[in-house]
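Asks: Quick one: sequence plus predicted model below, questions after.
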Amino acid sequence: MKPIKVEIWDHDSIFDANDLQGYIQIPWKQCVENAGTWAINEEIAVIPPEKTNFAPDEPDLGWGKVYVQAKFVKEGDVDDGKEPELKVNLEEILKVEGVLVTGTLHVGVIHCKGLPQMDTGLQGSSIDPFCRISIPPKTSFNTPILKNNKNPVWKFRKAIPISMPRNVKKLMIAVKFSMNLLYRK
């Protein structure tokens, strides 16, 4: 027996072109073998679409999960009408984790070492690194660009007034290299 497929789509109202975000498969056989019971009552990992140009926002979480419940009632049997117990109650989790935490975030980017050469300029190879700090949902800022430096020392510090959900697990700090084709020593 083939599994039941549930697709997750992103609705695009501007371009009228919905995007497939992924799908899950519900094991139909398990429902039939356990007829009359909530055979499926769990989170199932989303399988990404075969062709995509995107990656998960949080790689640790993969492509996400869908909590599904499924029960098969054989013809002639009477459904008991009972709702299954929620094993994972996202509304309750979000009430706790989604609580906003307000304060000041102090971020320090001190140094990098052994950065790779990323471009070649007219005057030879150069590396001009800087770091971009991104704080959800929309705050970002950069360290200064340090010219021709594989081992930059910034000793950069910034204090940011912040209000964000308690459940944000990571801040993104990316090392970028500026393309400076006209760099002169």
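Replies: Everything's here; your move.
Asks: What's the first helix or strand after the biggest helix by length in the chain?
Replies: In the chain, taking DSSP state H as the definition, the longest helix is helix 90-97. Heading C-terminal from helix 90-97, the first helix or strand you meet, by DSSP states H and E, is strand 100-111.
Asks: Flag every buried residue along that next one.
Replies: 107, 109 (16 or more other C-beta atoms under 10 Å). For glycine as for every other residue, the C-beta is placed from the backbone atoms N, C-alpha and C.
Asks: again, but for stretch 134-141
Replies: Ile135.
Asks: one step back: report the distance from the longest helix of the chain to the chain centre.
Replies: Helix 90-97 has its C-alpha centroid displaced from the chain centroid by 18 Å (C-alpha atoms, centre = their mean, to the nearest Å).
Asks: burial count for Asp12?
Replies: Neighbours of Asp12 under the rule other C-beta atoms under 10 Å: 10.
Asks: Same question for Lys74.
Replies: So Lys74, with other C-beta under 10 Å, has 8 neighbours.
Asks: so it touches Thr37, yeah?
Replies: No: using C-beta atoms under 8 Å, Lys74 is not in contact with Thr37, being 11.5 Å away.
Asks: Outline the domain layout of this protein.
Replies: 4-88, 100-177 (automatic domain parsing).
Asks: so where is this protein shaky, pLDDT-wise?
Replies: 13, 94, 97-99, 118-125, 136-137, 166-185 (pLDDT under 70).
Asks: switch to 90 and redo it
Replies: Scanning the chain for pLDDT under 90 picks out the ranges 1-5, 7-22, 27-28, 43, 49-67, 84-152, 154-185.
Asks: Now do the strands in it.
Replies: Secondary structure of the chain, counting by DSSP state E: strands at 4-10, 19-26, 38-45, 65-71, 100-111, 119-121, 124-126, 129-135, 139-142, 153-165, 172-177.
Asks: Look up how far Gly36 lies from the residue sitting furthest away from the middle of the chain.
Replies: Most distant residue from the mean C-alpha position of the chain: Gly76, 45.5 Å away (C-alpha atoms, centre = their mean). Between Gly76 and Gly36 the distance is 11 Å, computed by C-beta to C-beta, to the nearest Å.
Asks: And for Gly81?
Replies: 12 Å.
Asks: Just want to know which of those two has more residues nearby.
Replies: A count of neighbours by other C-beta under 10 Å puts Gly36 above the other of Gly81 and Gly36, at 13 against 5.
Asks: show me the residues around the more buried one that make contact.
Replies: By C-beta atoms under 8 Å, 6 or more residues apart in numbering, Gly36 lies in contact with 71-74, 77, 79-80.
Asks: Pick out whichever of those sits closest to Cys131.
Replies: The nearest member of the contacts of Gly36 to Cys131, counting by C-beta to C-beta, is Lys71 at 52.0 Å.
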